[in-house]
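S.K.: Here is my input; please provide its structure:
(chains A and B)
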Amino acid sequence: MYSFNYLKPLSIEDAASLLSESGEHKVISGGMTLIPTLKQRLTRVEKLIGLEKCRLNGIKLEGEFLKIGAMLTHSEVSESDVVKVENPAVAELASHIGDRQVRNRGTIGGSLANNDPSACYPAAILALGGIIHTTKGNIKAEKFFVDLFETALEEDEIITAISLPKPDVAAYEKFPNPASRYAMVGVFVAKFNSEVRVAVTGAGEEGVFRCSEIETALMDEFSSDALSDITISADGLMSDIHAEADYRAHLIVEMAKRAVKKSASR
Amino acid sequence: MDKHKYLQYFSQGKILRFLVWFKLSTIRSGLICKLKMILGEIDVTQITLIVNGTRHKEDIPDYMLFADFIRERLKLTGTHVGCDTSQCGTCVIHIDGKSVKSCTMLAVQADGGNVTTIEGLADGDVLHPMQQSFHENHGLQCGFCTPGMIMSAIELIDGKPNISESEIRQGLEGNLCRCTGYQNIVKSIQEAAKFEYG
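M.R.: Have a look, this model is predicted:
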């Protein structure tokens, strides 16, 4: 690891102004991706700005929206009574990210800012049509996820909270890689009053995306049988040593079916 | 031995020369590190934390990993480092009651924390119920993964006397045993859960 200076600002405003001082500075929340990257010298920073003292860890209901602080760990989200009642699919998703020790430190804000193509949270935020609150304003989920490890965040912009609307029913199902447990394909299905939204993670060459074929089929009939004749094109899907694009295409439909079944059982 | 002979002997004694050079160079690099710290080239932070009930106040470089702090500063070498990729879980410790991988956090991030390592579990010669259960059920083979397994297991069974085998297996996702001795590890944890909460 290259040497760096660690700072703990006491407010998010201070953190943002420190971040804007130089492109060599980075913010750190749980550090579950950043610290391993630093250890392997894949990246270097001059100053690391820790957000632990910035008080970004509240969960509250704001009208129709569930507002989750960016520094909430996956364990805290999965064990929160409010999340379990208002958005059980999100609590369940959070309880299966990484391993227990990762969930005890990794945060929702960090996961979204990193936008790993196999991360679980982006699928939930996109399918639910969440809003990402930052130090510079609000960003809709559709605009937020730009490309692999790339988001709409500016260099000196920090996520402060995430607002999620309450769906009628929702569920997330993933096919974990047998070794790493990362989602080879993960599908989040959310049914609202007037629409069905389906987001897929782990499969797209440009990261998380919405799957219109499945959405249309589920709008007509919200059941796993409605997906039995659906096939998804492998164009634009990732191929790697773990799975070819056409296998991922198959998994998308399969995971969507399971997610619909799971949502019905809630 | 006159001076001439001594020098001749010394110039031929490559091993001795290497040892002298090595000792000097380690002292030198240590001094440079200290000097840099004083001059502010490497940033140093003072942290205060409680480890196994004892309060520690230490000056550390900001980039120091918490696992290195535990092992090298506090000399608590029961916390192991088995991989460099946050996968193996041999470095698991508890901080404020939560299990974390100490190789994937910085020592500065543990400032103000209440930490328990494997050394802090037993009460003198009396083993913690989880340690006792590993002992009785042959829950370790080479023993390298054991500290991490035990620290993870304690959090895993908390309040769950009837924890199922599959729950334990899933809960150990972050811990690897290269002896593949999972069968008895799972058995040990299940027994400990019954003993502690049953």
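S.K.: May I see the domains of chain A written out as residue ranges?
M.R.: Residue ranges for each domain of chain A read A:5-50, A:59-165, A:169-264, as given by automatic domain parsing.
S.K.: cool, and chain B?
M.R.: By the assignment in automatic domain parsing, chain B contains the domains B:3-39, B:44-120, B:129-197.
S.K.: Where does the closest residue in space to A:Val189 that isn't next to it in sequence fall, secondary structure wise?
M.R.: Nearest non-adjacent residue to A:Val189, counting by CB to CB, 6 or more residues apart in numbering or on different chains: A:Ala259, 4.3 Å away. Bear in mind the C-beta positions are built from the backbone N, C-alpha and C, glycine included. Taking DSSP states H and E as the definition, one finds A:Ala259 inside helix A:245-264.
S.K.: Same check on B:His94?
M.R.: Element membership of B:His94, judged by DSSP H and E, is strand B:92-95.
S.K.: Extract the CA atoms of that strand and return them as CSV.
M.R.: As requested, the backbone C-alpha atoms of strand B:92-95 are provided in CSV (Å, rounded to 0.1, in the frame of the first residue of the first chain):
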residue,chain,number,x,y,z
VAL,B,92,-11.6,-11.8,11.9
ILE,B,93,-11.9,-9.9,15.1
HIS,B,94,-14.7,-8.2,16.9
ILE,B,95,-15.0,-4.4,17.0
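S.K.: if you look at that strand, does any of it touch chain A?
M.R.: Yes: contact between strand B:92-95 and chain A is present through B:Val92 (criterion: CB under 8 Å from any CB of the partner chain).
S.K.: State the mean pLDDT of that strand.
M.R.: Averaged across strand B:92-95, pLDDT comes to 98.
S.K.: That one packs against which elements?
M.R.: Judged by 3 or more CB pairs under 8 Å, 6 or more residues apart in numbering or on different chains; DSSP states H and E, the packing partners of strand B:92-95 are strand B:98-101, strand B:114-116, helix B:146-157.
S.K.: Mean pLDDT and distance to chain A added to those, as CSV?
M.R.: Formatted as CSV, these follow (pLDDT from 0 to 100; distance: least, CB to the nearest CB, whole Å):
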stretch, mean pLDDT, distance to chain A
strand B:98-101, 97, 4
strand B:114-116, 98, 13
helix B:146-157, 97, 7
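S.K.: tell me which parts of chain B are close to chain A?
M.R.: Checking chain B against chain A by CB under 8 Å from any CB, the hits are B:42-43, B:45, B:61-63, B:65, B:84-86, B:89, B:92, B:98-101, B:104-106, B:108-109, B:152, B:155-156, B:171, B:173-175.
S.K.: What residues does the residue nearest the centre of chain A make contact with?
M.R.: In chain A, the C-alpha closest to the average C-alpha coordinate belongs to A:Tyr121, at a distance of 2.0 Å (CA atoms, centre = their mean). Contacts here follow CB atoms under 8 Å, 6 or more residues apart in numbering or on different chains; on that basis A:Tyr121 touches A:93-94, A:97, A:108, A:111-112.
S.K.: Next, the closest residue to it other than its chain neighbours: secondary structure please.
M.R.: Once its chain neighbours are removed from consideration, A:Tyr121 has its nearest residue in A:Ser111; the separation is 4.5 Å (CB to CB, 6+ apart). Using DSSP: H, G, I helix; E, B strand; the rest coil, the structure places A:Ser111 in helix.
S.K.: so A:Ser111 sits right up against A:Ala119, yeah?
M.R.: Yes: using CB atoms under 8 Å, A:Ser111 is in contact with A:Ala119, at 5.3 Å.
S.K.: Would you quantify the distance from A:Leu153 to chain B?
M.R.: As for A:Leu153, its distance to chain B is 23 Å (criterion: CB to the nearest CB, to the nearest Å).
S.K.: Surely that residue and A:Ile159 touch.
M.R.: Yes: checked against CB under 8 Å, the pair A:Leu153 and A:Ile159 is within contact range at 7.1 Å.
S.K.: re earlier: and for the residue nearest to A:Tyr121, the neighbour number?
M.R.: Neighbourhood size, A:Ser111 [other CB atoms under 10 Å in any protein chain shown]: 25.
S.K.: With A:Met1 instead?
M.R.: Close neighbours of A:Met1, defined as other CB under 10 Å, add up to 16.
S.K.: tell me the contacts of it?
M.R.: For A:Met1, the contacting residues are A:38-39, A:41, B:63, B:65, by CB under 8 Å, 6+ apart.
S.K.: And for A:Thr33?
M.R.: A:Thr33 makes contacts with A:110, A:114, A:116, as judged by CB under 8 Å, 6+ apart.
S.K.: could you redo those residues as JSON lines and give each row neighbour count and pLDDT?
M.R.: Output for the contacts of A:Thr33, formatted as JSON lines (neighbours: other CB atoms under 10 Å in any protein chain shown; pLDDT from 0 to 100):
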{"residue": "A:Gly110", "neighbour count": "25", "pLDDT": "97"}
{"residue": "A:Asn114", "neighbour count": "19", "pLDDT": "96"}
{"residue": "A:Asp116", "neighbour count": "19", "pLDDT": "95"}
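S.K.: returning to that earlier point: report the buried residues of the helix holding A:Ala259.
M.R.: Judged by neighbour count using 16 or more other CB atoms under 10 Å in any protein chain shown, the buried positions of helix A:245-264 are A:245, A:247-260, A:262-263.
S.K.: Same check on stretch A:56-71?
M.R.: Neighbour-count burial for stretch A:56-71 flags A:56-57, A:59, A:65-71 (criterion: 16+ other CB under 10 Å).
S.K.: How about stretch B:188-198?
M.R.: Of all the residues in stretch B:188-198, those buried under the rule 16+ other CB under 10 Å are B:188-193, B:196.
S.K.: Please flag which of the residues you listed sit within strands.
M.R.: When DSSP state E defines the strands, the subset of these inside them is empty.
S.K.: List just the nearest of the residues you listed to chain A.
M.R.: Closest approach between these and chain A, by CB to the nearest CB: B:Ile189, at 13.1 Å.
S.K.: The closest one against B:Ile157, yeah?
M.R.: Yes: counting by CB under 8 Å, B:Ile189 sits close enough to B:Ile157 to count as a contact (6.3 Å).
S.K.: Give me the neighbour count for the residue of chain A found nearest chain B.
M.R.: Closest approach of chain A to chain B (CB to the nearest CB) occurs at A:Asp99, with a separation of 2.9 Å. Summarising burial for A:Asp99: neighbours were counted as other CB under 10 Å, giving 23.
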